[in-house]
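K.L.:
Quick check, what structure comes out for this input:
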Amino acid sequence: MIRRVLALLAVAWFLGFLWFAVALPVPLERATGDAAVVPTGAAGRIERGIELLEVGKVEAMLVTGVDPEVRPGEFAAEFEVPPGLMECCITLGSSAVDTRGNATETAEWLEQRRFGSIRLVTSDWHMRRARIELARTLPTDVTIREDAVPTEPSLRILFLEYHKLLASWVSGLWRS
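P.N.:
Okay, the predicted model is just below:
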């Protein structure tokens, strides 16, 4: 009996990992949103958020998890952000150090701005966990749209992130 349960758990784990690795989220092309939320981390995220601002698909952008030592001028120079766009539309959040912290920082930022929808811009492999954490933290009337930045993650990254996703899901069950 115990062997069957363990075998079933192993098969469920394997199939879950296979789904996680093969069916990564994709970029969002058509929809717009009030604001983009971009957790720092992997390459391409910030550039995608800036692109969304420049083409008018979002009105504002929070970059969450920025090192507290980074100044807006340094950020603008690093990512070639026009000064007007930096002043009007980009907020650098520096209180988050992990995905859960990104969600808390985002909720605080949104509380002051009253946006009804956000476009979550993060790596394809990070999207599911980031969305879970955001959905737990944000009011239910805020729509979260997933805009994944395509990557070529290593098996190691996929393995680690899959287990973080499982841990996040299980911790959510305990909090409920």
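K.L.:
List the single closest residue to residue 164 in space, sequence neighbours excluded.
P.N.:
For residue 164, the nearest residue in space outside its immediate sequence neighbours is residue 129; the separation is 5.7 Å by C-beta to C-beta, 6 or more residues apart in numbering. Any C-beta I mention is one placed from the backbone N, CA and C, and that applies to glycine too.
K.L.:
Contact partners for the one you found?
P.N.:
Contacts of residue 129 were listed using C-beta atoms under 8 Å, 6 or more residues apart in numbering, and they are 99, 161, 164-165, 168.
K.L.:
Now with 6 Å, please.
P.N.:
Residue 129 is in contact with 99, 164-165, 168, counting by C-beta atoms under 6 Å, 6 or more residues apart in numbering.
K.L.:
From the residues you listed, which land in helices?
P.N.:
Applying DSSP state H to those, the entries found in helices are 99, 164-165, 168.
K.L.:
Could you identify the most distant pair in these?
P.N.:
Pairwise distances among these were taken by C-beta to C-beta; the largest, 10.0 Å, belongs to 99 and 165.
K.L.:
Now the residue nearest to residue 164. Its backbone dihedrals?
P.N.:
With angles defined as degrees, to the nearest 10, residue 129 shows backbone torsions of phi -70, psi -40.
K.L.:
measure residue 94 to residue 102 for me?
P.N.:
Distance check for residue 94 against residue 102: by C-beta to C-beta, to the nearest Å, it reads 11 Å.
K.L.:
More neighbours: which of the two?
P.N.:
Per other C-beta atoms under 10 Å, whichever of residue 94 and residue 102 has more neighbours is residue 102, with 29 against 15.
K.L.:
Pull out the buried positions in the helix or strand harbouring the more buried one.
P.N.:
Of the helices and strands defined by DSSP states H and E, residue 102 is found in helix 99-113. Buried positions in helix 99-113, judged by neighbour count with 16 or more other C-beta atoms under 10 Å: 99-106, 109-110.
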